[in-house]
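Asks: predicted model follows, preceded by the sequence.
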Amino acid sequence: MSGHTFYRIHLKDGAGQDPAFWRRVRNPYQVHKMVWRIFSDGSHKDRDFIYRLEMQEHTPVIYAVSTADRVDLDGIWRVDAKDYHPALRRGDRLGFNLRANPVRTKRDEEGRQHRHDVVMDAKYAMETRDNIEVDLVQQEGFAWLASRGERLGFSVEEGAVRVDGYRQHRFRKPRSGRRVTISTIDFTGALTVTDPDLFKEALYTGVGPAKSFGCGLLLVRRV
């Protein structure tokens with residue numbers, strides 16, 4: 001893949017004072033639609049960006065990586081953009097920040113695959129063993145990230161990664177009315193690049209599922 005751009009996107013002066021704006025960003029689905037309008041020209045196409053939304057001084061800031069030109073149909077955003085082609089070598093040590101949707105896939109009795117939140121899945125399993133007290137978020141989140149790293153060209157060490165901020169987000173899709181639950185965990189710490197090509201692909205395409213809802217973007221820096 002080529003032609004990637006890293007974006008930092010924030011509201012133009014005064015745009016956040018419009019109450020109508022805040023009514024449009026009450027849940028992850030609405031945020032997804034808002035970000036889509038920043039990159040979409042109105043045509044139907046596959047998503048070609050990953051992003052993360054953060055609140056800084058009560059104002060939304062969007063970080064994104066995309067191969068698409070920013071369009072911004074609403075005209076309310078200020079955009080900082082730069083070419084994104086990280087130079088990486090095996091053994092590079094990087095600080096990172098990641099919001100992800102850690103899940104594991106299991107088959108039901110009929111052989112159908114279902115995704116399960118790793119924290120709740122472990123909690124349910126432990127209930128059959130007298131509710132053993134353990135930091136499930138740290139333990140299960142780290143195990144999930146370490147497993148992903150093996151396939152995505154990086155490694156992490158226990159004690160070098162903080163795993164917290166576990167949240168469950170519930171909302172309904174407007175058209176279908178289908179209820180959606182997404183769990184997110186925040187990861188902060190240091191990683192080591194083990195395969196530069198695989199890791200660069202992870203920087204471009206993200207880590208884990210729920211990318212349409214702001215999960216998976218790896219923010220990295222040299223340490």
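Replies: Structure received.
Asks: all helices of the protein, in order?
Replies: 19-23, 28-39, 118-126, 136-152, 196-205 (DSSP state H).
Asks: quick one: least confident helix or strand in this protein?
Replies: Using mean pLDDT, DSSP states H and E, the weakest-scoring helix or strand in the chain turns out to be strand 113-117, at a mean of 73.
Asks: number of nearby residues for Thr181?
Replies: Neighbours of Thr181 under the rule other Cβ atoms under 10 Å: 10. Heads up, the C-betas are built off the backbone N, CA and C, glycines and all.
Asks: list the beta-bridge partners for it.
Replies: The partner list for Thr181 in beta bridges (DSSP bridges) reads Arg170.
Asks: where's Asp72 relative to Phe21, distance?
Replies: 14 Å (Cβ to Cβ, to the nearest Å).
Asks: low-confidence ranges in the chain?
Replies: 1-2, 41-45, 71, 73, 106-114, 126-134 (pLDDT under 70).
Asks: what ranges do the strands span in it?
Replies: 5-11, 49-56, 59-66, 77-83, 93-100, 103-107, 113-117, 154-155, 161-172, 179-193, 218-222 (DSSP state E).
Asks: could I get those as CSV with distance to Ala143?
Replies: Output for the strands of the chain, formatted as CSV (distance: least, Cβ to Cβ, whole Å):
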stretch, distance to Ala143
strand 5-11, 29
strand 49-56, 22
strand 59-66, 26
strand 77-83, 34
strand 93-100, 13
strand 103-107, 10
strand 113-117, 13
strand 154-155, 13
strand 161-172, 10
strand 179-193, 12
strand 218-222, 18
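Asks: ok, which of these comes nearest Gln138?
Replies: Among the strands of the chain, the nearest to Gln138 by Cβ to Cβ is strand 161-172 (4.6 Å).
Asks: show me what the closest one is packed against.
Replies: In terms of contacts (3 or more Cβ pairs under 8 Å, 6 or more residues apart in numbering; DSSP states H and E), strand 161-172 is packed against helix 28-39, helix 136-152, strand 179-193.
Asks: let's go with 6 Å and repeat that
Replies: helix 136-152, strand 179-193 (3 or more Cβ pairs under 6 Å, 6 or more residues apart in numbering; DSSP states H and E).
Asks: show me how far it is from its chain's centre.
Replies: 11 Å (Cα atoms, centre = their mean, to the nearest Å).
Asks: got the CA positions of it in PDB?
Replies: What follows is strand 161-172, C-alpha atoms only, in PDB (Å, rounded to 0.1, in the frame of the first residue of the first chain):
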ATOM      1  CA  VAL A 161       2.300  -2.000  28.900                       C
ATOM      2  CA  ARG A 162      -0.500  -0.400  30.900                       C
ATOM      3  CA  VAL A 163      -3.900  -1.900  30.100                       C
ATOM      4  CA  ASP A 164      -6.900   0.100  31.400                       C
ATOM      5  CA  GLY A 165     -10.000   2.200  30.400                       C
ATOM      6  CA  TYR A 166     -12.200  -0.800  29.900                       C
ATOM      7  CA  ARG A 167     -15.600   0.400  28.600                       C
ATOM      8  CA  GLN A 168     -18.700  -1.100  27.100                       C
ATOM      9  CA  HIS A 169     -20.500   1.100  24.500                       C
ATOM     10  CA  ARG A 170     -24.100   0.200  23.600                       C
ATOM     11  CA  PHE A 171     -26.200   1.800  20.900                       C
ATOM     12  CA  ARG A 172     -28.700   0.900  18.200                       C
END
